[in-house]
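1. Give me coordinates for this.
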Amino acid sequence: MKTSILLLTLLLSAVTVAPTATAHPVAPTPAAAANGYMMIISRVSLGFNAQASIVTVSPDGKEQVKEIDFSRFSPKQMAANMTEVHKAAMATVNQYTADGWHLVSVAPSDVVGGGNTIFSQTIYYLEKK
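-> Here you go, the predicted structure:
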């Protein structure tokens, strides 16, 4: 059990540090005129009820959540699903940078919590002046 948790943690860490810049057709539309800072959060929760989403928090604090289909039938499928989550996050970042936002920071994190629950998120901080 501990070996499988360690393997999953390593897998999530490896995928988190190597996101792809491929465009994804379902990313949210950028806000055209907003200035300030915003966050794009790519998050995945594994365990009994696996979930994934891309959360966009605009400068005014409004939140947009896009759920990502995330089934976990095998380690190979989970890896493919993680890639899809990162592709969706990078497509969102690319849309906002095309609209004049600048990526200022990326903060990945993985958490192994009680039992089998693993949570992974990457936060992209963007700025527009």
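
2. Just name the shakiest helix or strand of the chain by mean pLDDT.
-> helix 2-16 (a mean of 38; mean pLDDT, DSSP states H and E).

3. mind listing what whichever strand or helix holds residue 122 pairs with, with the direction of each?
-> Secondary structure assignment for residue 122, by DSSP states H and E: strand 118-128. Next to strand 118-128 in the sheet, as set by DSSP bridges, lie strand 36-46 (antiparallel), strand 102-112 (antiparallel).

4. Flag every buried residue along that strand.
-> Residues of strand 118-128 classed as buried: 118, 119, 120, 121, 122, 123, 124, 126, 128 (neighbour count, 16 or more other Cβ atoms under 10 Å). To be clear about C-beta, it is placed using only N, CA and C from the backbone, and glycine gets the same treatment.

5. hang on, residue 42 packs against residue 121?
-> Yes. Using Cβ atoms under 8 Å, residue 42 is in contact with residue 121, at 6.3 Å.

6. Select from the strands paired with strand 118-128 the stretch with the lowest mean pLDDT.
-> The weakest mean pLDDT among the strands paired with strand 118-128 belongs to strand 102-112, with a mean of 89.

7. Which one, of the strands paired with strand 118-128, ends up nearest to residue 95?
-> Among the strands paired with strand 118-128, the nearest to residue 95 by Cβ to Cβ is strand 36-46 (9.6 Å).
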